[in-house]
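>>> Sequence and predicted structure below; questions after.
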Amino acid sequence: MNSSHTHYDTLSRALHWLTAIAVIAAFILGPEHFGREMRNGLDPATRIDIVLHESLGILVMALTLLRLVWVAVRPAKPSFDMPAWMHIASKATQGLLWLMLLAVPVSAMLTLGSEGHPLTLLGGIRVNDMPFIAQSAIADMTDWGEVHELLGNAIMWLSGLHSVAAIYHHRILKDGVLLSMLPPRS
Ligand code: HEM
């Protein structure tokens, strides 16, 4: 059978796994006590964990935007027979994952912008302030740092559920869903 019926195209697979690695690495490097350390005068550019966390997070956002464009124009994805409830559950989890992949980095930008902290990235890139966020009504709506932490933890739970579902398809249903995201065997 033609592999386009059983497997995602190469770019979709590459973007999927790169995003997964970047999200996990960003989560592991999530800076604890960031607000307190900033109030104590920390320059975040001097902390490699913070610089890596923010760079990986921005990479996640860029990869997600690129994936959304690719999803609109890519070859048809493989489809699998499954009960309606399973199809709905998988669509719901994937929809939420897409939303979180954008909401987590956006909430991070709102955290930095509303609290007046710089964005510090690899290569010495630094954005000292984001007046369009600081001066907008959204800045004072909530504690965006807490929202970001909550969403950052939630995306890991959701990714865990997504992975358990993929393993269930592979080990129990043996229906090729997990294999569709891996390179086709020659
Ligand atoms: C998918 C990407 C991301 C994930 C999974 C993620 C996850 C997290 C988590 C779990 C924390 C809390 C760490 C803790 O308290 O132990 C955190 C904190 C933080 N993250 Fe992210 N993050 C992501 C993207 C970003 C981006 C793009 C930026 C910068 C633009 C960023 C900046 C921050 C900052 C400044 C904090 C400290 C917030 C505070 O305590 O006020 N993160 N992140």
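Looks like it came in fine.
>>> Going by C-alpha atoms from here, please, whenever you check contacts or count neighbours.
Noted.
>>> mind listing what's buried in stretch 121-137?
Residues of stretch 121-137 classed as buried: 121, 129-130, 133-134 (neighbour count, 16 or more other Cα atoms under 10 Å).
>>> May I ask which two of these are separated the most?
Farthest-apart pair in the buried residues of stretch 121-137 is L121 and A134; separation 19.8 Å (Cα to Cα).
>>> Count the residues that sit near the nearest residue to D140 once chain neighbours are set aside.
Excluding the flanking residues, the one nearest D140 by Cα to Cα, 6 or more residues apart in numbering is S114, at 7.2 Å. Neighbour count for S114, taken as other Cα atoms under 10 Å: 26.
>>> quick one: S114 and I133 touch, right?
Yes. Here S114 lies in contact with I133, judged by Cα atoms under 8 Å, at a distance of 6.1 Å.
>>> joint contacts of the two?
A139 (Cα atoms under 8 Å, 6 or more residues apart in numbering).
>>> And the residue nearest in space to the middle of the chain, which helix or strand is it part of?
The residue lying closest to the centre of the chain (Cα atoms, centre = their mean) is L101, at 3.5 Å. Secondary structure assigned from DSSP states H and E places L101 in helix 84-115.
>>> elements contacting that helix?
In this structure, helix 84-115 makes packing contacts with helix 48-73, helix 131-134, helix 144-168, judged by 3 or more Cα pairs under 8 Å, 6 or more residues apart in numbering; DSSP states H and E.
>>> Just put those in CSV and tack on mean pLDDT and distance to M181.
Below are those laid out as CSV (pLDDT from 0 to 100; distance: least, Cα to Cα, whole Å):
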stretch, mean pLDDT, distance to M181
helix 48-73, 98, 14
helix 131-134, 96, 38
helix 144-168, 98, 10
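>>> Any chance of those helices in JSON lines with distance to W85 as columns?
JSON lines is the format used below for the helices and strands packed on helix 84-115 (distance: least, Cα to Cα, whole Å):
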{"stretch": "helix 48-73", "distance to W85": "24"}
{"stretch": "helix 131-134", "distance to W85": "41"}
{"stretch": "helix 144-168", "distance to W85": "13"}
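>>> Need the ones you listed in a markdown table (columns: distance to the ligand).
As requested, the helices and strands packed on helix 84-115 are exported to a markdown table (distance: least, Cα to the nearest ligand atom, whole Å):
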| stretch | distance to the ligand |
| --- | --- |
| helix 48-73 | 3 |
| helix 131-134 | 13 |
| helix 144-168 | 4 |
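>>> about what we covered before: by how many degrees do the helix holding L101 and helix 48-73 diverge?
130 degrees (axes from the mean of the first three to the mean of the last three Cα atoms, to 10 degrees).
>>> do helix 84-115 and the ligand meet at all?
Yes. Contact of helix 84-115 with the ligand (Cα under 6 Å from any ligand atom) involves 101, 104-105, 108-109.
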